[in-house]
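In: Mind looking at a prediction? Sequence and model below.
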Amino acid sequence: MSERQHEPTAGEQTRSTVRPGRRRFLQLAGAGSVATLAGCLADDDGGGEDEDEDWEASQNIRYIVPYDQGGGTDVYARGIVEALTDSVGENIQIDNVPGAGGLNGYGDLMGADTDGHTILGSATPLEVAPQLLDDPGFDIRDPEGVCVFGESAWCLIVNEEWEDQVDSFQDVLDLFEAGEMSSVGIQEPGSPQDIITLLARYEYEFWDWEERPQYTGTGPVAEAVASGEVPCGIGTDAGTRSTVEAGNAFPVVSFLSGGTEVYPDIPGIDEAVDEVEGDEMDFVGGLFRGVYTPPGTPEGRNEWLSDAFEEAVEDDRTQEWSDETGNPVYHEGPERAEEIVEEAFDSYEEFDVIELIEEHN
């Protein structure tokens, strides 16, 4: 990806390591292990409410990214981490904990100390279906909200070898219908990519795919497209941009109405196919970049962390990164972070998403 990547400092470690107001948006491998990760919630060691009013970070902050390195959630974390390190006054340790549709990382968060030094970056609503499909032993609605600081759109990218044959998404659909393309790379059952392809085939009936190889995140999907393992795949605009800029793939459509700032020249799904009107797929066509702390983290600490993110968002380095990449950044506080999760659960119920997944996976 062309955006400036933050190189880990001595205090960081990695283990593998638009706008607000728009509603966006396995059989799980290892779901049982997620419950084990959760454990019992740690006791709050932060003292009373009065003491918490003057709290500030006093040690390294662990920033859990529940997806692979190179995916959109990871890209956003690394896009803000330099400025965030300065605003909190401590080193930020980005820790990639992929698997189970994001729930492995949530499991780590649920068992972490409530001392304000552990946060998680989400990709809401990516984690909602895994929660509903197979109870992991905790609820992703329980963590405390810190902020929302960005959002992304799901996009289809195509391997560079097809460039002479593909000028539009309709060309891709025609190649699938003709049998020249048969597979599209996605994440696990229950992921937005899974839901998008199910809607496209069974609800709106415009995409005649045959196979959907599954990967653990946008990074692996983009790698599979770049290598030719699959002719095309769905990933976030933030997470696929490095592959596109390297010339190994090209984007053809955003599954969010109105398109994406990252790829301003491609249409939104509502423009690309007649079968989808307006914002019908927006509930699953994009996602929010939320930040959360373990359940029971004192409110004052979440507010302090939210203020630190706001300062980091406004920092010239973050704004420059946003301008260079097209990845939007903004800041909304703890209440909004919790609202987007509740709204996602409501949307999945409204559109019978779990029934769709269970019927066709």
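Out: Received it, and whenever you're ready, just let me know what you need. Numbers count the residues shown, from 1 in each chain.
In: do you know how far Pro294 is from Ala100?
Out: According to Cβ to Cβ, to the nearest Å, Pro294 and Ala100 sit 18 Å apart. C-beta here means a position set from N, CA and C on the backbone, and glycine is covered the same way.
In: same thing with Gly286?
Out: In this view, Gly286 and Ala100 are 22 Å apart by Cβ to Cβ.
In: Which one's more surrounded, Pro294 and Ala100?
Out: Higher neighbour count among Pro294 and Ala100: Ala100, with 27 against 23, using other Cβ atoms under 10 Å.
In: Now the more buried one: phi and psi?
Out: phi 60, psi 40 (degrees, to the nearest 10).
In: Nearest residue to the middle of the protein?
Out: Ala123 (3.0 Å; Cα atoms, centre = their mean).
In: Quick one: residues contacting that one.
Out: 66-67, 72-73, 102, 152, 236, 287-289 (Cβ atoms under 8 Å, 6 or more residues apart in numbering).
In: Now do the helices in the stretch 251-361 of the chain.
Out: Along the stretch 251-361 of the chain, the segments classed as helices by DSSP state H, counting those that start in this stretch run 269-272, 282-285, 299-314, 316-325, 334-350, 353-360.
In: for the helix or strand containing Thr73, which positions count as buried?
Out: Using DSSP states H and E, Thr73 maps to helix 72-88. The neighbour-count check on helix 72-88 (16 or more other Cβ atoms under 10 Å) flags 72-85, 87-88 as buried.
In: try stretch 168-175
Out: Buried residues in stretch 168-175, counted by 16+ other Cβ under 10 Å: 169, 172-173, 175.
In: Below-threshold pLDDT in the stretch 151-300 of the chain: ranges please.
Out: Regions of the stretch 151-300 of the chain meeting the criterion pLDDT under 70 are absent.
In: For it, which segments count as strands?
Out: 186-187, 214-215, 232-236, 249-254, 286-293 (DSSP state E, counting those that start in this stretch).
In: export the longest one as PDB, just CAs?
Out: In other words, strand 286-293. What follows is strand 286-293, C-alpha atoms only, in PDB (Å, rounded to 0.1, in the frame of the first residue of the first chain):
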ATOM      1  CA  GLY A 286     -18.900  -1.000   4.200                       C
ATOM      2  CA  LEU A 287     -17.600  -1.100   7.700                       C
ATOM      3  CA  PHE A 288     -16.600   1.200  10.600                       C
ATOM      4  CA  ARG A 289     -13.200   1.500  12.300                       C
ATOM      5  CA  GLY A 290     -14.200   1.400  15.900                       C
ATOM      6  CA  VAL A 291     -12.000   1.100  19.000                       C
ATOM      7  CA  TYR A 292     -12.900  -0.700  22.300                       C
ATOM      8  CA  THR A 293     -11.600  -1.600  25.700                       C
END
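In: so it versus helix 334-350, what angle?
Out: Orientation of strand 286-293 against helix 334-350 (axes from the mean of the first three to the mean of the last three Cα atoms, to 10 degrees) gives an angle of 130 degrees.
In: Good, we can wrap up now.
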